[in-house]
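[1] Predicted structure and sequence below. I'll ask about it afterward.
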Amino acid sequence: MNHRPNFKLGALCLAALLATGAAGAATMRWAGANDILTVDPHAQNHQTTHAFLQQVYESLVRYDKAYKIEPALATKWTQISPTQIRFELRKGVKFHDGAPFSADDVVFSLTRAMTPPSNMQSAVQSVKEVKKVDDHTVDLILKGPNPILLRELTEARIMNKAWAEKNNALKSQDYAAKEENFAARNANGTGPFIMVGWQPDVKVTLKKNPNWWDKPTGNIDEVVFTPIKSAATRSAALISGQVDFVSDPPPQDLARMKGSPDIKLVEGAENRTIYLGLDQFRDELPGAGTPGKNPLKDKRVRQALYQAIDSAGLHSRTMRNLSVPAGTMVAPMVHGWSKALDERAAKYDVEAAKKLLADAGYPNGFSLKLDCPNDRYVNDEAICQAVTAMWTRIGVKTTLQAAPMSQFVTRVMNNDVSAYLFGWGVATFDALYSLDSLMATKDGKTSAGVYNAGRFSNAELDTKISQIKVEMDTAKRDALLANALKLVKDEYLYLPVHHQIRPWAMRSNVETQHRADDRPMPVWTTIK
């Protein structure tokens, strides 16, 4: 009898055993309309980019599934004084390249986020200085008391100082200037996934970090994200099974998807408001045909543009009811929102809009260019096409310029827009985030007005925003938030369109939790 071991059979058994052990692991094939813009964690405040960066880079604190603050790279925090907070750091954490995480990385990263050309200064807007106490303790010295410091810090991602030094990435990428740096294309975080590669407009690949300090609740060990701009192609990819998950399914295809036994939809309100911004800075509006004048500086003109917008029609026809018509610049789940603020400032009225234009000295209207992304928000270009027709109807001869978000956002950041459509999600779930970034006077140095592309400046509003930042009395602070948002509404500084409803579409074997911040979480996702 031959007692030699059967190596061929043994190899087959081993392969079967390995396959059985790995059966629970899955690749999440994810598609969306627009690509990430960069992988530098401090270069762009862009939701799709954040959705991926938070898988790779972590912050001192994070949100749980109910949007409550919980420990992440910090395990404990103590208020030493109203302007000094001490953070005890998690021990034993390693970056993806194996380097140990320490206080030096926190001091470096938060200081980097605070320093121009960082586009993430909003996450550290109240921080004056970051001090190392010891290798696993840091103190944040604040400019003043801050009631929402921890919520802001969820967006302040931590890099490895030595890695940044080695790769000449000490400063954030200057995205608006179209600068490239090593950190813009390469990543080294502590998060649950390692960035394997990014081919712009082709795919992003993430692999599970086997050394992550925490444990995932799902079974995803690889994420492959494919940007698919075409709505029809994106839907077809899901229906045919080429992808498992689509974060922005086209509204026109939702009924067909609902009828498929292989597809399921999860719908939820997003903390994002879609709005129109207007140039209120330049003395002469380019291409308007109004020499020496900028009609948009006149409140009556801004109100006319607002009253020309049929928000109910946009809701029913353009959005197929995937929206909540808005009267204010923050969504219902954002602290500072109220039902009264969210009522329309003035009713849709074409004749009233025409009269306002005539009263302002433009009885024959003027010309206007509307800039719009065509791959970022639900039906973004279609909204702009509808608004273009509505404004033209009252005599404001509007031309539409639509472009991918990567091109469009550069024009917005460089103030190279007359009128533009934008969407703003509120990472902190507090209205200060919107007031500071969108409505404060733009100074070019801090987070104030960083996305105020219309460059309006209102001293009363700036004073209220400064007070909101340091007011620790909840009732007083809430009153200030309401007053500030009402001022923006009454002056038509922005024209809110709607709060976005974001459906996610997925294959029937995918289990995940919808997020109001529109950031899918692979660590909470299971594919059966």
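    Right, received. Where do you want to start?
[2] For the residue nearest to H136 when sequence neighbours are not counted, give its distance to P100.
    Among residues not flanking H136 along the chain, L89 sits closest, at 4.4 Å (Cβ to Cβ, 6 or more residues apart in numbering). Just so you know, the C-beta spots here come from the backbone N, C-alpha and C atoms, and that holds for glycine as well. L89 sits 11 Å away from P100 when distances are taken as Cβ to Cβ, to the nearest Å.
[3] Mind checking which of the two has more residues around it?
    Set L89 next to P100 and count neighbours by other Cβ atoms under 10 Å: L89 wins out with 22 against 14.
[4] now the helices: where do they sit in the stretch 301-450 of the chain?
    Using DSSP state H, counting those that start in this stretch, the helices of the stretch 301-450 of the chain run over 311-313, 350-359, 380-393, 405-413, 432-434.
[5] Which residues does the first one contact?
    This points to helix 311-313. By Cβ atoms under 8 Å, 6 or more residues apart in numbering, the list of residues contacting helix 311-313 from outside reads P325, A326, R344, Y348, A386, V497, H498.
[6] swap the cut-off to 10 Å and go again
    Contacts to helix 311-313, defined as Cβ atoms under 10 Å, 6 or more residues apart in numbering, come from residues 319, 323-327, 344, 347-348, 386, 390, 495-498.
[7] nearest to V124, of the residues you listed?
    Taking Cβ to Cβ as the measure, V124 lies nearest P496 of these, at 27.6 Å.
[8] need the contact list for the nearest residue to the closest one once chain neighbours are set aside.
    Once flanking residues are discounted, P496 sits nearest to A326: 4.0 Å by Cβ to Cβ, 6+ apart. By Cβ under 10 Å, 6+ apart, the contact set of A326 is 273-275, 311, 332, 337, 341-344, 495-500.
[9] again, 7 Å this time
    By Cβ atoms under 7 Å, 6 or more residues apart in numbering, the contact set of A326 is T273, D342, P496, V497, H498, H499.
[10] Now tabulate those in JSON lines and tack on pLDDT, distance to V523 and neighbour count.
    Converted to JSON lines, the contacts of A326 look like this (pLDDT from 0 to 100; distance: Cβ to Cβ, whole Å; neighbours: other Cβ atoms under 10 Å):
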{"residue": "T273", "pLDDT": "98", "distance to V523": "28", "neighbour count": "28"}
{"residue": "D342", "pLDDT": "98", "distance to V523": "34", "neighbour count": "21"}
{"residue": "P496", "pLDDT": "98", "distance to V523": "34", "neighbour count": "27"}
{"residue": "V497", "pLDDT": "98", "distance to V523": "33", "neighbour count": "27"}
{"residue": "H498", "pLDDT": "98", "distance to V523": "31", "neighbour count": "24"}
{"residue": "H499", "pLDDT": "97", "distance to V523": "27", "neighbour count": "26"}
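[11] hmm, which two among those residues are most spread apart?
    Taking Cβ to Cβ, no two of the contacts of A326 sit farther apart than D342 and V497, at 12.4 Å.
[12] ok, T446 touching Q121?
    Yes. Judged on Cβ atoms under 7 Å, T446 makes contact with Q121 at a distance of 5.6 Å.
[13] Looking at those two, which one has more neighbours?
    Ranked by neighbour count (other Cβ under 10 Å), T446 and Q121 place Q121 first, with 24 against 16.
[14] How about that one: what's its closest non-neighbour residue?
    Leaving aside its chain neighbours, Q121 sits nearest to S447 (3.9 Å; criterion: Cβ to Cβ, 6+ apart).
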